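>>> mind looking at a prediction? Sequence and model below.
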Amino acid sequence: MLDTTHSSKLMAAIRAKTAKAGVIGLGYVGLPLAMAFSRAGFKVMGFDIDPGKITAIEENRSYIEAVPSEVLAVEREAGRFAATCDFDLLGDYDIIAICVPTPLTANRDPDLSFVEKTARSIAATLRPGQLIVLESTTYPGTTDEIVKPILESKGLTSGIDFYLGYSPEREDPGNRNFQTSTIPKVVSGDGDIASALMSAFYGCIVSSVVPVSSNATAEAVKLTENIFRAVNIALVNELKLVYEAMGIDIWEVIEAAKTKPFGFMPFYPGPGLGGHCIPIDPFYLTWRSRQFEQPTRFIELAGEINTAMPRHVVSRLAEALDMRSGKALSRSNVLIMGLAYKKNVPDIRESPSLRLIELIEARGGKASFYDPHVAEIPSTREHAALRGRKTVTWNEQTVRAFDAVVVATDHDAVDYAALAEWSTLIIDTRNIFTRCGIVSEAIVKA
């Protein structure tokens, strides 16, 4: 019979909100999650290997748009939230949420090194009665087959001494209609006791909890959500190319199609996929599926289509330059409008704009960028040569100096009427000018 002493104490502490929570990884997922825990009344410690983030937090300077600095200051000054680089303190916390990156390797295989290293750090101080939660997006089986053995390596047993669960993050940077606390939370656990603890804890911080039967199921939920988007975006990207060849505007087609009150959901084409989730998550499932000898042709095809979109945009740019001015791309100076992967955020992870810059320069052209949310290109794994480049100044003289402008991200803070007036050629990958009611002979949709 299971010893429920530890779980009873933890459950009582959760209900009384005296349980202490630790969040490992204070990025786009971890910091908003830590704030949700703190604002719900729990005492929270954030853990990160980056001293710069700890310094910013201690100075009440938020580096995540979803967490206003004033909210951070309130939680810190109330004594509910602090941050540290000292992972030896993990044993002091009753609940630990893992929110670390899960990127792909150069061969597009899952890179779980951050998860594994974090699990080993937790194992070093693991004690009876703790609840460990993985929130990082990953393939089905990771929590039970990778994290659990590492945690159990010190002699404690999941479900008896400590408890293990999975709850996929559902953040949507830039979407002000939803916050961490208002998004339904899928939860699961390794056994009934862990599941009950997960539901109780997350039920204190979110509006709705959605329990599922296993950690692998919860992991599959997250992948399914993002694969759904990736496949449908690939579909409209392919339709864009087909309709473009027929002289049909894909944007007009979608606007008309979405008036159907059933059976259709609008997705929109673009210059390629960006962000940490949609370009990466499908490959976690394709990799895992190979171990079961199951093909994922549909998902892999979607990945191929979406990955090819930056090249299509650059081809359209080269054609338009030749037709409009007779100038080759190799002799042209191009402005990329928007470096972030989506509108109104500073997040450049997997941004197609980075790839556009590289493709333009590989063909001999020059490329610069303007982004009201991104002042400088930080260090990235795949685009190290672009590090340190800064946004150009936004004014008429600067814009007129470019031979063409590629609108890759449709930030609201940009004056598109002025852009249309100042530019001789604009490649619009977001249909922003039509949506703004701006007509100009300079505009080419791509």
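It's in.

>>> got the contact list for stretch 200-210?
With Cβ atoms under 8 Å, 6 or more residues apart in numbering as the test, stretch 200-210 has contacts from 11, 14-15, 17, 19, 36-37, 39-42, 95, 131, 167, 180-187, 199. No exception for glycine: its C-beta is placed from N, CA and C like everyone else's.

>>> are any of these buried, and if so which?
Buried by 16 or more other Cβ atoms under 10 Å: 11, 14, 19, 36-37, 39-40, 42, 95, 131, 167, 180-181, 183, 185-187, 199, out of the contacts of stretch 200-210.

>>> pull out the buried residues from stretch 317-326.
317-318, 320-321.

>>> state the mean pLDDT of it.
Here stretch 317-326 scores 95 as its mean pLDDT.

>>> okay, it in CSV with CA atoms only?
Extracted C-alpha coordinates of stretch 317-326, given in CSV (Å, rounded to 0.1, in the frame of the first residue of the first chain):
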residue,chain,number,x,y,z
LEU,A,317,11.7,40.2,-54.5
ALA,A,318,14.3,39.5,-57.2
GLU,A,319,11.6,39.3,-59.9
ALA,A,320,10.0,42.5,-58.8
LEU,A,321,13.3,44.4,-58.6
ASP,A,322,14.1,43.2,-62.2
MET,A,323,10.6,44.1,-63.5
ARG,A,324,10.2,47.5,-61.7
SER,A,325,13.7,48.9,-62.0
GLY,A,326,15.8,46.5,-64.0
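
>>> how is the protein divided into domains?
5-213, 228-445 (automatic domain parsing).

>>> picking up where we left off before, among the buried ones among the contacts of stretch 200-210, name the ones in helices.
11, 14, 36-37, 39, 199 (DSSP state H).

>>> so the closest residue to Val345 other than its chain neighbours: helix, strand or coil?
Nearest residue to Val345 in three dimensions, chain neighbours excluded: Gly174, at 4.0 Å (Cβ to Cβ, 6 or more residues apart in numbering). Classification of Gly174 using DSSP: H, G, I helix; E, B strand; the rest coil returns coil.

>>> let me know the closest of the buried residues of stretch 317-326 to Ser351.
Leu317 (17.1 Å; Cβ to Cβ).

>>> the closest one contacts Ala446, doesn't it?
Yes. Leu317 lies in contact with Ala446 (Cβ atoms under 8 Å); the separation is 7.3 Å.

>>> list residues touching both of the two?
Contacts common to Leu317 and Ala446, judged by Cβ under 8 Å, 6+ apart, are 406, 427.

>>> surely Trp118 touches Ile98?
Slight slip there: residue 118 is Thr, not Trp. Yes. In this structure, Thr118 is within contact of Ile98 by Cβ under 8 Å, at 5.3 Å.

>>> need the overlap of contacts for the two.
Going by Cβ under 8 Å, 6+ apart, residues that sit against Thr118 and also against Ile98 are 24-25.

>>> which intervals of the stretch 1-150 of the chain have sub-threshold pLDDT?
Across the stretch 1-150 of the chain, the ranges flagged by pLDDT under 70 are 1-4.

>>> which parts of it are helices?
5-16, 30-39, 51-58, 69-77, 113-125, 142, 148-152 (DSSP state H, counting those that start in this stretch).

>>> just the stretch 201-350 of the chain next, same as before
Here the stretch 201-350 of the chain has its helices, by DSSP H, counting those that start in this stretch, at 215-246, 250-257, 281-290, 297-325.

>>> residue closest to the middle of the chain?
The centre of the chain sits closest to His276, judged by Cα atoms, centre = their mean, with a distance of 3.7 Å.

>>> against Leu356, how distant is the residue nearest to it when sequence neighbours are not counted?
In this structure, His276 finds its nearest non-sequential neighbour in Arg349, 4.8 Å apart by Cβ to Cβ, 6+ apart. Separation of Arg349 from Leu356 (Cβ to Cβ, to the nearest Å): 15 Å.

>>> ok, now Ala384?
17 Å.

>>> and those two? Which one has more around it.
Set Ala384 next to Leu356 and count neighbours by other Cβ atoms under 10 Å: Leu356 wins out with 27 against 9.

>>> which residues does the more buried one contact?
By Cβ under 8 Å, 6+ apart, the neighbours of Leu356 are 271-272, 310, 313-314, 336, 367, 406, 408.

>>> from those, which two are the most distant?
Gly272 and Ala367 (15.1 Å).

>>> looking at the two, which is more packed in?
More crowded of Gly272 and Ala367, by other Cβ under 10 Å: Gly272, with 27 against 22.

>>> how far away is the residue nearest to Val399 when sequence neighbours are not counted from Ser351?
Nearest non-adjacent residue to Val399, counting by Cβ to Cβ, 6+ apart: Trp422, 4.2 Å away. As for Trp422, its distance to Ser351 is 24 Å (criterion: Cβ to Cβ).

>>> more neighbours, those two?
Ser351 (29 against 19).

>>> do I have it right that Glu396 meets Trp422?
Yes. Using Cβ under 8 Å, Glu396 makes contact with Trp422 at a distance of 5.1 Å.

>>> and for Ala446, the neighbour number?
Ala446: 23 neighbours (other Cβ under 10 Å).

>>> an error on my part: the question was meant for Ala83.
Neighbours of Ala83 (other Cβ under 10 Å): 21.

>>> who does it bridge with?
Under DSSP bridges, the beta-bridge partners of Ala83 are Gly46.

>>> from memory it sits against Asp48, does it?
Yes. Between Ala83 and Asp48 there is a contact under Cβ under 8 Å: 6.7 Å.

>>> could you pull out the buried residues of stretch 392-405?
Using 16+ other Cβ under 10 Å as the test for burial, stretch 392-405 gives 392, 394, 399, 402-405.

>>> what's the most distant pair in the residues you listed?
Largest separation among the buried residues of stretch 392-405 by Cβ to Cβ: Trp394 and Asp403, giving 17.8 Å.
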